[in-house]
Structures are given as C-alpha cells and as structure tokens.
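Peer 1: Here you go, sequence then predicted model.
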Amino acid sequence: MQRFKKQIFQLLETQKTAITFSSAFNDFKQLTKVGLSMSVVFSSIAGYLLAVETVDYTILLLLAVGGYLMVGASNAFNQIIEIETDALMKRTKDRPLPAGRMSVATAMTIAIVFTIIGIGILYYINPKCALFGAISIFLYTSAYTPLKSVTPLSVFVGAIPGAIPFMLGWVAATGTFSIEPGTLFLIQFFWQFPHFWAIGWLQFDEYKKAGFNMMPMGKKDKAAIRQIVLYTVVMMLVSIIPVLKLTGDFWIYPATAVIILLMGGLMLYYAVKLYKYQTDKIARQLMLSSVLYITLIQIIYVVDKFLH
C-alpha cells in the first residue's frame, strides 16, 4: 500500500512538472510571438532564395535562427513596454506579463539575450545583415512602440522594421544593398498599410481603451477606408514593377505579374466592399486576404525565379 501511494505521488509530481513546463513554454511563445516570428523567417528565406543561384543551407539556417531571434526580441521588448496597456485589452490581457505569469526581469533577459545572439548570428552572415537587424529592433521598440499612443503615423514608422525581413534575405545572400532588396522592401512596406489598418478597424475599440489609435487620421470612417484602397492599389503596382526589368536581377515574367495583380485584386475587392458596407466581417476578410497575399506572392516570386 505504501509503495502504491509513493507511485501515485511520483506520478502526480511528474504531471505537475509537465504542466509547469508546458505553461512556461506557452508563455515563452506568447512573449516572442512565435507565429509572427515564423512568418518573418518565411519572408527572409524567400528573399534569400530570390538572390541565390546555389543555396547555402548553413547560411539559410543561420538566417532563419537570426531572423527569429531578432523578431522575438522586438516582441519581448514591446510587451515589456506595453505591460500596462496590454492589461487593458481583452486580446492581450492574458499575455504572460500583464497576467503576472512572467516577471519583467525574465522577459528582459530573454529580450536582451535574443538581441545579442540574433545580431551576432546576422553579423556572422555579413555586417550589413546585422546592421539591418539592429535597425529593425531599434525602430520597432524605440520608435513604433512609444508612438502608438501618440499618433496614427506610428503605422508608417512600424512599416519600416516590418518591411526589413523580405529584403534581409537578399542582403544575407549578397552582402549588398541595391535596387533588388530595395524593391523587396517597398513591396512589404506598402502591403502593411491595408493589413494593419484592417486590424486597426477590427480592434478600434480595444485600442481606444489602451490609448492607441492606429487608423489613418485617427478615425474609423470612410476617409480611412479610402486610404486603405489607395495603399492597396499602390501595393499592387509596386508588386508588379519587376516585370519591367528595371529592378536589376529581380524580375518576373508577364504571366507572373498577371497572377499577382489578380491576387491583389482580391484585397482590393474587400477594401472597396469595406468602403461600401463598413462591417467588421469585411474588415476581417480584408485582413485574411492580405495575409494570403503576402504569403503567396513570396512563393510565386521564388517559383518564377527558378523558372528563369
């Protein structure tokens, strides 16, 4: 009987340890925003594949790890700064810091370690890679994050670090910044406006509670949607510029440009529909179509490149 009780106690302790580890790991994933970080890694890899003739899998792996650490650090710093405002919003109040499951000291340690190792890895790839990684972390944490409570123009500032990953892959492959990575930067830069304004529309009331105003001109109205439509059109045009073969080694076939235009047309359809009906359901459709767009065009660019 005593032996049986001991086995039960050991089993319960094992389960408790497993639950504690699982909770801590989930908190770590929330702090570093694993989903967002992986999408950034995906963009960086796509940019790398667009630049190379022969894939160096060591560099590819280092780029993936360095990119993940860079974005993970930015997200951790962001949540440390916004711990009080996160506690006010339904969407973010259960994050590890506002919920009290993780200390600020622990989060800061993770952020600093990720920054040092991430930039170190990117520097090993090449110095320019590390420079852009450092710029991304600095702008996201020191400019975009504090500006969110000051001005809707924070979206413009945030679009800069948000557009760096796609071009970072090209820089990692070549060690140079030129018209090709500049074009990749512009594509992801203009994409972010309809994407984040759709999110801003959906989260308008929640953001307002926290003192954030992410919509252009600070209002949730038709004027804001006109901006969404305008930037969607600009994004579509910038995305097909490579078909003109004016962007160095980064160019696409006319058929590829048509496919990309059709995909952008789906976003434009939802943007125009949002202007007409102004519902959260359509804003969510626009947001989801924007995620689909940026994912698929990166794949399409890479496929087109290897068909050259």
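Peer 2: Sure thing, it's come through.
Peer 1: list the contacts for residue 292?
Peer 2: 263, 266 (C-beta atoms under 8 Å, 6 or more residues apart in numbering). C-beta: built from backbone N, CA, C; applies to glycine.
Peer 1: Counting neighbours, what do you get for the residue nearest to residue 146 when sequence neighbours are not counted?
Peer 2: Setting aside the residues directly before and after it, residue 146 is nearest to residue 81 in space (C-beta to C-beta, 6 or more residues apart in numbering), at 7.1 Å. Applying other C-beta atoms under 10 Å, we find 15 residues neighbouring residue 81.
Peer 1: Name all residues that make contact with residue 81.
Peer 2: Contacts for residue 81 (C-beta under 8 Å, 6+ apart) come out as 141, 145-146.
Peer 1: could those residues go into TSV alongside pLDDT, secondary structure and neighbour count?
Peer 2: Formatted as TSV, those follow (pLDDT from 0 to 100; DSSP: H, G, I helix; E, B strand; the rest coil; neighbours: other C-beta atoms under 10 Å):
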residue	pLDDT	secondary structure	neighbour count
141	94	helix	21
145	91	helix	20
146	92	helix	13
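Peer 1: ok, of the residues you listed, which one's closest to residue 108?
Peer 2: Among these, residue 141 lies closest to residue 108 (C-beta to C-beta), at 11.7 Å.
Peer 1: close enough to count as contact, that closest one and residue 76?
Peer 2: No. In this structure, residue 141 is not within contact of residue 76 by C-beta atoms under 8 Å, at 9.2 Å.
Peer 1: Buried residues in stretch 85-100, which are they?
Peer 2: If you call a residue buried by 16 or more other C-beta atoms under 10 Å, then stretch 85-100 has these buried ones: 85-89, 92, 95-98.
Peer 1: Could you tell me the average pLDDT over that stretch, please?
Peer 2: Rounded to a whole number, the mean pLDDT of stretch 85-100 is 92.
Peer 1: now what about it, what contacts it?
Peer 2: In contact with stretch 85-100 (C-beta under 8 Å, 6+ apart) are residues 27, 30-31, 79-80, 82-84, 102, 104, 107, 149, 203, 206-207, 209-212.
Peer 1: Hmm, residue 170 and residue 45 touching each other?
Peer 2: No. Residue 45 is beyond contact range of residue 170, at 11.1 Å (criterion: C-beta under 8 Å).
Peer 1: Tell me which of these two has more neighbours.
Peer 2: Under the criterion of other C-beta under 10 Å, the comparison of residue 45 against residue 170 puts residue 170 first, with 29 against 22.
Peer 1: got a list of what the more buried one touches?
Peer 2: So residue 170 contacts 47-48, 50-51, 180-181, 184, 250 (C-beta under 8 Å, 6+ apart).
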